[in-house]
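Asks: Structure here, sequence nowhere to be found:
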C-alpha cells in the first residue's frame, strides 16, 4: 500500500488524518514543520504528500516549490484559508490538488486515490524514457529524438540502442545483445551485432556529434554515463 506523508503542525488534525489513512490501509508518516516535511517528501519511499500551507520554518508554498524542483510526487495542499488566491498560488507551485479545512474525510480519501493513480501513471511515463544528454529514447512511443529533432531508426536499431541504454555502464557481451534484440541464441558468428552498431554510429553518433557506443574489446559494447 502507498505511503502518505502528512505535513501538518496541528497535532490533532495530523493525528485524525493519520488514523483515517491507516484505517484505509495506507502507511503514514508525519512532520510538524516545513523543513522536516521537505526532507521526508523527497525520500523515494514517499508516494504522496498532504501539505498544510501554514507551517513553521518553511511555508507549505515554499516546501511545494522545492519538492517540484526535484520530484514528481503527488502533493495535495491543505489549508484553513478559502481564498482563491491561495488555491491558485498552490497550484502554480506544482500542487496536484487543493482542499480547504474543514473537509470531509471521504472527499480527502477520494482525492488521494485519484492523485496516487495519476502519480503512478506519471512515474511510468518517466520510467519509459531513457536519456543520454539531449538524446531521448521513448520506449512507449518507440521514438528517438535529439532535442526537438526526430532520429529515424529501424526496429532492430531502436531495440539495440534501448537495450544498451537500459544497461548503461555495463559491458554487454555480443551474445547477450543478440539474444535480447534478435530474440534467439546463436553460438556462432555475432557479426550482425557489429553491423547494427555501425548503423547506429552512422545514424546517431556521426550526425549528432556524440560519442555514445563504446567497444569493449573481446566482450561487446557499452554506453557510459555522459561526461
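Replies: That came through fine. Computed from a predicted model, the values in this text were never measured in an experiment. Numbers count the residues shown, from 1 in each chain.
Asks: Residue 62 and residue 35 touch, don't they?
Replies: No - checked against C-beta atoms under 8 Å, the pair residue 62 and residue 35 is beyond contact range at 9.7 Å. Heads up, the C-betas are built off the backbone N, CA and C, glycines and all.
Asks: which strands and helices sit next to the worst-scoring helix or strand of the chain on mean pLDDT?
Replies: For the chain, counting by mean pLDDT, DSSP states H and E, helix 84-92 ranks last in confidence among helices and strands (a mean of 73). Applying 3 or more C-beta pairs under 8 Å, 6 or more residues apart in numbering; DSSP states H and E, one finds that helix 84-92 contacts helix 60-70, strand 75-79, strand 97-100.
Asks: Could you identify which of these is most buried?
Replies: strand 75-79 (a mean of 23; mean count of other C-beta atoms under 10 Å).
Asks: and that strand, which strands flank it?
Replies: Each strand pairing with strand 75-79, determined using DSSP bridges, is listed with its direction: strand 48-52 (parallel), strand 97-100 (parallel).
Asks: Domain map for the chain?
Replies: Domain assignment for the chain by automatic domain parsing gives 3-126, 129-222.
Asks: if you compare those domains, which one is most tucked away?
Replies: For the domains of the chain, average neighbour numbers computed from mean count of other C-beta under 10 Å are highest in domain 3-126, which has a mean of 17.
Asks: any idea what sits nearest residue 222, other than its immediate chain neighbours?
Replies: Counting by C-beta to C-beta, 6 or more residues apart in numbering, residue 222 lies nearest to residue 171, which is 4.6 Å off, once chain neighbours are set aside.
Asks: I'd like to know how far the one you found sits from residue 61.
Replies: Applying C-beta to C-beta, to the nearest Å, the value for residue 171 to residue 61 is 47 Å.
Asks: Over to residue 97?
Replies: For residue 97, the distance to residue 61 under the criterion C-beta to C-beta works out to 15 Å.
Asks: same question, residue 51
Replies: Applying C-beta to C-beta, one obtains 9 Å for the distance of residue 51 from residue 61.
Asks: Next, residue 170: phi, psi?
Replies: Comment: the main-chain dihedrals of residue 170 come out as phi -130, psi 130, following degrees, to the nearest 10.
Asks: got the contact list for it?
Replies: Taking C-beta atoms under 8 Å, 6 or more residues apart in numbering as the contact definition, residue 170 lies against residue 222.
Asks: got a pLDDT number for it?
Replies: Each residue has a pLDDT score; the one for residue 170 is 91.
Asks: swap in residue 75?
Replies: According to the model, residue 75 scores 93 on pLDDT.
Asks: mind checking how far it is from residue 38?
Replies: As judged by C-beta to C-beta, residue 75 and residue 38 stand 11 Å apart.
Asks: Kindly point out which residues are neighbours of both of those two.
Replies: Taking C-beta under 8 Å, 6+ apart as the contact rule, residue 75 and residue 38 both touch residue 67.
Asks: still on that earlier bit, between the helices and strands packed on helix 84-92, which one is closest to residue 25.
Replies: For residue 25, the closest of these is strand 75-79, at 17.9 Å, according to C-beta to C-beta.
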